[in-house]
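Enquirer: Here's my sequence, what's the structure:
(2 chains)
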Amino acid sequence: MLEAERVGVSLGGSRILDDVTLSAPAGEVLALCGPNGAGKSTLLALLAGERAPDRGVVRLGGAPIGVFSPMDLARRRAVLEQHPATMIDFTVGELAALGAAPARPETEFDDEAAIALALERAGVAHLRDRVTRSLSGGERHRAHFARALVQLAAGRAEGGGGVLLLDEPTASLDLAHQASVMRAARRIAGEGAAVIAVLHDLTLAAAFADRIALLAKGRLETMGAPRDALTEERLTALYGVEISVGYDAQGRPRIQPVFSADDPADAALETEDGAPAPGDAFAERRAS
Amino acid sequence: MEPGARTTGWLRRTADRGWATFAAGRDALVGRMPQPVGVAAGLRARRASMILLIGLIAFAFAVIGALYGAAPLSLSQLWTASVEAITGADPSDRAASAIFLHVRLPRMLLGAFVGAGLALAGCAMQGLFRNPLADPGLIGVTAGATVGAVTAIVLGGVLFAEAPDAFKPYAVPVMAFLGAALVTVLVFQVAGVARDHTGQGASVATLLLAGVAIQAIAAAGVAALAYISDDQQLRDLTFWSLGGLGGADWPSIIVAVTLIGIAAAAIIRRARALDLLQLGERAAFCSGVDVAREKLILGGFGALAVAAGVAVAGPIGFIGLVAPHMARLLVGPNHVYALPASALMGAALILAADLAVRTIVPPAEPPIGLATSLIGGPFFLYLLIRPSFRSARHA
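Expert: Next comes the predicted model:
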């Protein structure tokens, strides 16, 4: 169980994240969604223990996340970065094997089996002996996903609860692989892990997440089942684009932006109370 | 039996026995090394064979280097002298024994350790900075050690006037270490400030330009010290700064070898952390690496290895660049293999370079840096222009 309690982060006088409370119970996929600059990645960094909140507290299994050593953390949660390293000379198999680092030699952990399973689930088993730097962006991203899955397995062998944090895991993937990565995330949750994923694609989030946390301007707008969280009025207001929400056969929301070439929303984006979006360094520079 | 057939039979038996020994050594090596998962068993054996092979090459250079010189020794003289030295027996051939024990052996030992130390420091720094060109010489760590060592040579009498006599042989290595450590901290700071936003490695340009600046400062420091030194100090300084394995005596060699041995053991133990650091600092942290601590350990022991080598053998360039690259070419990027392979490769390269400078114009002995730079300079240029590096440069 990973929880954030009233966490906030300030940077250069602006509040990047303010008063966010949420929890990710085991067995559930939680999607973090919201427009650019909403604070999704910052929130994920707090949940990963990569940075400490300026206000509030993040708890992992009941204890403040700051008390854990890097290795203790690695046994309790695995992270897939938004931009994982590209210039990697390891083969995909060796890269995935790095995920086994948190497992102690004396622990009962079949790393070969865990690696094979992770490569399979990430859809890169056929690339096992390819050098990572020679892969396409999407293949490489999935190879790093496999590494995160191995780390999760190693952590669970060490008695860690199993939290998987994914920062836009589908951004560089084609449609079929977006679905396969999210299916893998679902399966991981089904095995008792808590999965938190930053997702841009709301339809994808609605299809695969149990709950969606909608962030905007550093605040948590709403959190709930996709059907309740993703309403037309709320999304249209948050994203500044007219959005129509349909429903598929299972009743899951299907989000469709209604683009027009001459969109009055552009004007709204620029004049919107004159303040730059938090975390938007370029806007801050332009404003000053 | 025909004499020819007997020779062939003997050759085959020797070859078989040699191969059996090699295979046994390889299997022992595979068994003893921490097992990197994700590497197929056949590949592990092949990489262990490579490490063993590099070691044998280094050993062969050491033996040739021990035989060759102003007074050449024969293999049997070398053998007798070593056996007698080990068993403590009275030397049967005093001259050969003295040459071996007091001239050749310290030289080979020093060469092997200095080469291994420089190569390990290079391998560790390339891993830390995720940058193929991070060489202790190019980024200025060697220059820092040089300033420290020269300070000890010139100002040692004043600085350590009150120090106990037991400390005196350590003055140069200690000051060299301080210089190297200072530069390492500085380079970390520069690399940290200048890191690009993607969180990838420190950019090549930044590191190399920082190295240029540091070397310029160091050169000014050395020049200033040379300016204020007296004639004897100037001679010492000049002699030392040419670099070479010939000038050292046993006490200083023991100090250097011990320090390099400690640093080497510490660096080789960090193989897993270095592997994880290839993912970038954020991902390494998320994989359980205490990044700040690893930087301190690897940077510190890297500086120690460089400093100890520089203190006794003078500044020797490019080994830290060339050896790890050749090693990775042969055993792959996994640091469990790359670190020991780099160390042995560094030893082999230094011993080969030493042999080369001693054979070119005997009995004169050009500085060893001449040979290492002749190999390393072109290699450096090759690294700069090869396509896979050009695409990596801005990453």
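Enquirer: does the helix of greatest length in chain A come close to chain B?
Expert: Selection of the longest helix in chain A by residue count, based on DSSP state H, yields helix A:137-157. Yes: contact of helix A:137-157 with chain B is found when judged by Cβ under 8 Å from any Cβ of the partner chain, involving A:144, A:147, A:151. Where C-beta positions appear, they are placed from N, C-alpha and C, glycine not excepted.
Enquirer: Mind giving me the PyMOL select for those residues, buried ones only?
Expert: A single PyMOL command selects the buried members of the residues of helix A:137-157 next to chain B (16 or more other Cβ atoms under 10 Å in any protein chain shown):
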select buried, chain A and resi 144+147+151
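Enquirer: ok, of the residues of helix A:137-157 next to chain B, which one's closest to chain B?
Expert: Each of the residues of helix A:137-157 next to chain B was checked against chain B using Cβ to the nearest Cβ; the closest is residue A:151, at 6.3 Å.
Enquirer: Now do the same for residue B:192: helix, strand or coil?
Expert: Three-state assignment for residue B:192 (DSSP: H, G, I helix; E, B strand; the rest coil): helix.
Enquirer: how many neighbours does it have?
Expert: 11 (other Cβ atoms under 10 Å in any protein chain shown).
Enquirer: What residues does the residue nearest to residue B:67 when sequence neighbours are not counted make contact with?
Expert: Distances taken as Cβ to Cβ, 6 or more residues apart in numbering or on different chains put residue B:73 closest to residue B:67, at 5.1 Å, once the chain neighbours are dropped. Contact analysis of residue B:73 by Cβ atoms under 8 Å, 6 or more residues apart in numbering or on different chains lists B:66-67, B:81, B:96, B:99-100, B:104.
Enquirer: one more time with 10 Å
Expert: B:66-67, B:79-81, B:93, B:95-97, B:99-100, B:103-104 (Cβ atoms under 10 Å, 6 or more residues apart in numbering or on different chains).
Enquirer: Residues of the stretch 151-288 of chain A that sit close to chain B?
Expert: A:151, A:154-155, A:165, A:281 (Cβ under 10 Å from any Cβ of the partner chain).
Enquirer: same thing but at 7 Å, please
Expert: residue A:151 (Cβ under 7 Å from any Cβ of the partner chain).
Enquirer: for the stretch 151-288 of chain A, which spans come out with low pLDDT?
Expert: A:161, A:262-288 (pLDDT under 70).
Enquirer: hey, where'd the strands end up in it?
Expert: Assigned by DSSP state E, counting those that start in this stretch, the strands in the stretch 151-288 of chain A fall at A:163-167, A:194-198, A:211-216, A:219-224, A:243-247, A:253-257.
Enquirer: do you know which of the ones you listed lies nearest residue B:209?
Expert: Among these, the nearest to residue B:209 by Cβ to Cβ is strand A:163-167 (32.4 Å).
Enquirer: Relative to the closest one, what are the paired strands and their orientations?
Expert: strand A:77-80 (parallel), strand A:194-198 (parallel) (DSSP bridges).
Enquirer: Can I get it as PDB, trimmed to CA atoms?
Expert: Taking C-alpha atoms only, strand A:163-167 is exported to PDB below (Å, rounded to 0.1, in the frame of the first residue of the first chain):
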ATOM      1  CA  VAL A 163       4.500  -1.400  -6.300                       C
ATOM      2  CA  LEU A 164       5.000  -0.700  -9.900                       C
ATOM      3  CA  LEU A 165       5.300   3.000 -11.000                       C
ATOM      4  CA  LEU A 166       5.100   3.700 -14.700                       C
ATOM      5  CA  ASP A 167       5.700   7.200 -16.100                       C
END
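Enquirer: Confirm residue A:51 sits in a strand?
Expert: No: in this structure, residue A:51 is coil, not part of a strand, as judged by three-state DSSP.
Enquirer: wait, isn't it in contact with residue A:45?
Expert: Yes: in terms of Cβ atoms under 7 Å, residue A:51 counts as a neighbour of residue A:45; the distance is 4.9 Å.
Enquirer: Neighbour count for the two, which is higher?
Expert: In this view residue A:51 and residue A:45 are compared by other Cβ under 10 Å, and residue A:45 has more residues nearby, 22 against 11.
Enquirer: now that one: how far from chain B?
Expert: To chain B, residue A:45 is 9 Å away according to Cβ to the nearest Cβ, to the nearest Å.
Enquirer: could you say what helices and strands whichever strand or helix holds that residue packs with?
Expert: In this assignment (DSSP states H and E), residue A:45 forms part of helix A:40-47. Helix A:40-47 is packed against strand A:2-11, strand A:14-24, strand A:29-33, strand A:163-167, strand A:194-198, with contacts defined by 3 or more Cβ pairs under 7 Å, 6 or more residues apart in numbering or on different chains; DSSP states H and E.
Enquirer: Dump those strands to JSON lines, plus mean neighbour count.
Expert: Putting the helices and strands packed on helix A:40-47 into JSON lines (neighbours: other Cβ atoms under 10 Å in any protein chain shown) gives the following:
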{"stretch": "strand A:2-11", "mean neighbour count": "19"}
{"stretch": "strand A:14-24", "mean neighbour count": "20"}
{"stretch": "strand A:29-33", "mean neighbour count": "27"}
{"stretch": "strand A:163-167", "mean neighbour count": "25"}
{"stretch": "strand A:194-198", "mean neighbour count": "26"}
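Enquirer: can you tell which of the ones you listed is closest to residue B:52?
Expert: Here strand A:163-167 is closest among the helices and strands packed on helix A:40-47 (Cβ to Cβ), at 41.2 Å.
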